[in-house]
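**Student:** fold the following for me, if possible:
(chains A, B and C)
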Amino acid sequence: MAALDADTWAALRGAFPSALPIDADPSGPVVPVDLHVAVARFLKESLGFTMYVTVVASHWPQADGSDRFEVATVLRRPSNPSVTAAWRLQIGPEAEVPTLFPLFAGADWQEREQFDLVGVRFTGHPDLRRLMMPEDWEGHPLRKSYAIDTPHPPWR
Amino acid sequence: MGSSTSHGAAPPPPAPTRDVRPLRMRVNPFLDIDQYDPEADLMALNMGPQHPSTHGVFRIKLFIDGEVVVKAVPYPGYLHRGVEKLCEKLTFAQLVPIVDKHDYVAPMTNEQAIVRVVEEALKIEVPRRARVLRTILAELQRIASHLLWLGTFTLDIGGTIGGGASVMMYTFRERELILDLFEMLTGARFHYNTHTPGGNRHDVPVGWPERVKKVCDVIAARLPEYTAACTDNDVFDLRSRGVGVIDAATALELGLSGPNLRASGVDHDLRRDAPYHAYDEVGVNVAVATDGDCWARYIVRMAEMEESLRIVRLLIDDIPQGPITALKPVKLHTQIKVPAGQHYAAIDTPRGELGTYLIGGGAEKGAAAFRLKIRPPSLHAMAALPWILPGNTVSDVVAILGSLDPIMGEVDR
Amino acid sequence: MTLLSNPWIHGLVVGTPVLLVFLAASALASWWERKFAGRMQNRLGPTIVGPFGILQPFADALKMMQKEDIVPRAADRALFNLAPVFPLALALAVLAVVPFGGSWAGDEWSSALVVADLDIGVIWVLAVSGLMVFPTWMAGWASSNKYTLLAGMRSVAQGVSYEIPLVLAAMVPVVATGELSLSGIVAWQAEHGWLVFWPPGPGLFAFVIFFMASLAEANRIPFDIPEAESELVAGVLVEYTGLKFGLFMLAEYTHTIAASVIASVLFLGGAHGPMPEIFGPMWLVLKASTLFVIIYWIRWSWYRFRSDQLMDLCWRYLVPITLVLVMITAIMRGFLPGGAS
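**Tutor:** Residues are numbered from 1 along each chain as shown, chains lettered A, B, ... in the order given. Okay, the predicted model is just below:
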């Protein structure tokens, strides 16, 4: 399943002609970070992608030792037939992307989880705390630099 | 009474007693407790993680004014097992028994979700026999899961020593029949490990279809018993109607899915709208209710059980012959490698849209995922709690929590 | 008979068997309920201990005796330890005025099967059952736990509210018969017919409401809000262990039995029945057992009200209805032949 179907991509391209590449990446187009909220708003309000599906942050360590992060967001149009729309943001070691909480209430916990596990900060999130790990946990487990056998102090 | 006299204009319609604006506009889940009415005598009540009605280990902190919840702060994560990290180490064949343990009430559909994303990524054509078998298994699992939900929901509103327990005993009786079917097919009652990317591992045993048909008849005959015990009970009605209302817009925003979404009046079902397995052959009648309350969620699930029975009966008679596992392009399912690329695939489990976001090209040339994110429907249902709990009483907290059908293993992963 | 006319000796002679029989009955009731619930729920209930598992309550008691007796550090020790004593004492005290049998002619033997035939038996019953709120609140407060506190609050609100329809419904027999002693009410029913039938409408309604209010007083489903274990874990019993918990449980059964006994005395003719008077106790046991079965039948097939719905039911329906019932009974008493005294 391509991340965006052709019609959606055409409409999105029409709305943001200069910022988006011409061909849709089958893995989902890479959108500039400052357009993130605008794209989500356009998809939600103009194209009917009203259902919040998920946000996936991933950690891409570079050969030179620096960190890159990718944040993919998936929305769904709850119609028949139903399609999803996914796009990606690529960010550097600052690991900050704007939150989608003002548009989608479900982004609250999903973004908290990604912050918790990958360590991407969602600016503007009203309550960015850890979701899964204990509040005093050190590190972000889903980073590639976090070894799977990292010892942790006994549970208190 | 508001009846009009014979002369004069009709009186204005009575003002709505309930605030009907979307939840987004009237609830603030991040309410600052210090800014709340200083006259009010608030009490912080910690519910869980070892509370009997939190469906596992879930903790929710309630700020209550008398018995009315002012703010609810859920704390999931007590069952977090780091499965997504584990998924970056294990091969795709090893993942299937791992994801069995997420939604431990519906393991069958968990497996299907994870093998489906691999099949999507590698464009594996699943043989029709496997697709039909998967549809049957998914629907049987849906019945079993909804039965368990009904039992635990009545426990929540009826008490562990009371009428609720009686309903639960009966739902478990029927659920056992389905678990027996699964045991006959896979040898396991719970963690089946029967799906692999490209097909199923266990073929239909001799006599299984007949037994499925018998079980369907038994369950169909017993579903009216639940209607008698729940729908016809006035207290059940009182406890569930108008409680925990989620409007359609908020439900979509929150990412609710499955029966919880359909109960809010959104006519959306992945089985029909984005068909997978063999659902395009059977045509799914989607059950929708409009009220968005606990009652609607109950009605939708009851209707879904009927629909599942219909689908199973439709398919069980002629399971197509042929191979059960695709031989191309995967020759050995332990050797699956997913190249770099990002894929999202979802199926409709008994709890809703269980999606898997897979970034391929991980360790050992793609034998493991680079990043695998599971999108659990229960997590989104639990994310709704801070929005719907304020304004309800402590008694309704457990009713609402139960009606959303959360499985903590899936919430926390 | 002269020795028995001494109230102390009489009370001792009649009271001791009553005490023992009802304590044994409570234990038996807990076995029976588990068996009954088991059969209702497609399972067997206790089967291991003794024939048909009938010794299960004693096994439970033995187990509870071995449990560690834990008092929370923050608890009010005196109240916490005192609270389990009262429910059982109060539930048994209700039974002191119940006529378990006797003759209706008014001779000396009529009072022989009552521990204390008070002239104000009805008031005694209502007053003692009204006190039941206190041990629950004591337990709820003294445990120093938020769940028990909530349960205690609910229990007081529920107990105080349901006291009113309970008292008003009990007023229907009192107004109809003009008697305040329970044996007087039974004797009247033996003469004129059972009160559940007699004032043709009000009697039945008053019986149903009295029964409902008794359920609420005894914290049974669908009115078991104070110990709503799905939200409040175990209500006021959260912090109790071992024998103290056991005492609460025993009191719960005794209270339910007492409620069925009182309802059958007030409305179903008590020990009155078609056979000779010596069979009186048997009739009372039969009637009370029937009510008891109904209570548990309801318990294992119904859901629980929410506390605000419970208050709604009480104040918006039961209280006005019972008020009207008492008025109707007072009016009918003047006109109907059986009623005028």
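**Student:** before we move on, which element is residue B:355 in?
**Tutor:** Using DSSP states H and E, residue B:355 sits within strand B:352-360.
**Student:** could you dump that strand to PDB, C-alpha only?
**Tutor:** Output of strand B:352-360 as PDB, limited to C-alpha atoms (Å, rounded to 0.1, in the frame of the first residue of the first chain):
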ATOM      1  CA  GLY B 352     -10.600  -1.800  16.400                       C
ATOM      2  CA  GLU B 353      -7.900  -0.900  13.900                       C
ATOM      3  CA  LEU B 354      -4.700  -2.800  14.800                       C
ATOM      4  CA  GLY B 355      -2.200  -1.200  12.600                       C
ATOM      5  CA  THR B 356       1.500  -2.000  12.100                       C
ATOM      6  CA  TYR B 357       3.900   0.500  10.800                       C
ATOM      7  CA  LEU B 358       7.000  -1.300   9.500                       C
ATOM      8  CA  ILE B 359      10.200   0.300   8.500                       C
ATOM      9  CA  GLY B 360      12.200  -2.400   6.700                       C
END
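**Student:** wait, does it contact chain A?
**Tutor:** Yes - counting by Cβ under 8 Å from any Cβ of the partner chain, contacts between strand B:352-360 and chain A involve B:353, B:355, B:357, B:359. Any C-beta I mention is one placed from the backbone N, CA and C, and that applies to glycine too.
**Student:** report the beta-bridge partners for the first one.
**Tutor:** So that's residue B:353. Taking DSSP bridges, one finds residue B:348 as the beta-bridge partners of residue B:353.
**Student:** which among the residues of strand B:352-360 next to chain A gets closest to chain A?
**Tutor:** Among the residues of strand B:352-360 next to chain A, residue B:357 lies closest to chain A (Cβ to the nearest Cβ), at 4.6 Å.
**Student:** for that closest one, give its distance to residue C:65.
**Tutor:** Separation of residue B:357 from residue C:65 (Cβ to Cβ, to the nearest Å) stands at 57 Å.
**Student:** repeat for residue B:295
**Tutor:** Going from residue B:295 to residue C:65 by Cβ to Cβ gives 46 Å.
**Student:** packing partners for the strand holding residue B:355?
**Tutor:** Judged by 3 or more Cβ pairs under 8 Å, 6 or more residues apart in numbering or on different chains; DSSP states H and E, the packing partners of strand B:352-360 are strand A:51-61, strand A:67-77, helix B:107-122, helix B:259-263, strand B:341-349, strand B:371-375, helix B:377-383.
**Student:** mind doing that once more with 6 Å?
**Tutor:** On a contact count with 3 or more Cβ pairs under 6 Å, 6 or more residues apart in numbering or on different chains; DSSP states H and E, strand B:352-360 meets helix B:107-122, strand B:341-349, strand B:371-375, helix B:377-383.
**Student:** that strand vs strand A:51-61, what angle?
**Tutor:** Strand B:352-360 and strand A:51-61 meet at an angle of 20 degrees, taking axes from the mean of the first three to the mean of the last three Cα atoms, to 10 degrees as the criterion.
**Student:** how far out from the middle of the chain is strand B:352-360?
**Tutor:** In terms of Cα atoms, centre = their mean, to the nearest Å, the centre of strand B:352-360 is set 15 Å apart from its chain centre.
**Student:** before we move on, what about stretch B:173-189?
**Tutor:** The answer for stretch B:173-189 is 20 Å, by Cα atoms, centre = their mean.
**Student:** mind listing what the residue of chain C found nearest chain A touches?
**Tutor:** Proximity of chain C to chain A (Cβ to the nearest Cβ) peaks at residue C:73, 20.4 Å away. Applying Cβ atoms under 6 Å, 6 or more residues apart in numbering or on different chains to residue C:73 gives no contacts.
**Student:** which pLDDT value goes with it?
**Tutor:** For residue C:73, the pLDDT comes out at 86.
**Student:** now residue B:303
**Tutor:** Looking at residue B:303, its pLDDT stands at 91.
**Student:** how near is it to residue B:223?
**Tutor:** For residue B:303 relative to residue B:223 (Cβ to Cβ), the value is 10 Å.
**Student:** same thing with residue C:183?
**Tutor:** From residue C:183 to residue B:223 the distance is 53 Å (Cβ to Cβ).
**Student:** ok, these two, which is more surrounded?
**Tutor:** Between residue C:183 and residue B:223, residue C:183 has the larger neighbour count (other Cβ atoms under 10 Å in any protein chain shown), namely 26 against 17.
**Student:** residue B:357 and residue C:65 - which one has more neighbours?
**Tutor:** Taking neighbours as other Cβ under 10 Å, residue B:357 and residue C:65 compare with residue B:357 leading, 24 against 11.
**Student:** in the strand or helix carrying residue C:93, what's buried?
**Tutor:** According to DSSP H and E, residue C:93 maps onto helix C:85-94. Neighbour counts over helix C:85-94 (16 or more other Cβ atoms under 10 Å in any protein chain shown) mark C:86, C:87, C:88, C:90, C:91, C:92, C:93, C:94 as buried.
**Student:** same check on stretch C:152-171?
**Tutor:** Going by neighbour count (16+ other Cβ under 10 Å), the buried part of stretch C:152-171 is C:152-159, C:161-171.
**Student:** domain ranges for chain B?
**Tutor:** Annotated domains of chain B cover B:21-75, B:83-375 [automatic domain parsing].
**Student:** which bits of chain B sit near chain A?
**Tutor:** B:30, B:77, B:80, B:85, B:120, B:252-255, B:266, B:268, B:273-274, B:341-342, B:344, B:357, B:359, B:371, B:373, B:375, B:380, B:383 (Cβ under 6 Å from any Cβ of the partner chain).
**Student:** are any of the residues you listed buried, and which?
**Tutor:** In those, the ones that pass as buried (16+ other Cβ under 10 Å) are B:77, B:80, B:85, B:120, B:252-255, B:266, B:268, B:273-274, B:341-342, B:344, B:357, B:359, B:371, B:373, B:375, B:380, B:383.
**Student:** need the contact list for residue A:121.
**Tutor:** With contact set as Cβ under 6 Å, 6+ apart, residue A:121 has these partners: A:95, A:96.
**Student:** neighbours around the nearest residue to residue B:77 once chain neighbours are set aside, how many?
**Tutor:** Leaving out its chain neighbours, the residue that sits closest to residue B:77 by Cβ to Cβ, 6 or more residues apart in numbering or on different chains is residue A:132, at 4.1 Å. Residue A:132 has 24 neighbouring residues, counting by other Cβ under 10 Å.
**Student:** quick revisit: weakest of the domains of chain B by average pLDDT?
**Tutor:** Among the domains of chain B, domain B:21-75 scores lowest, at a mean of 80.
**Student:** that'll do, ta.
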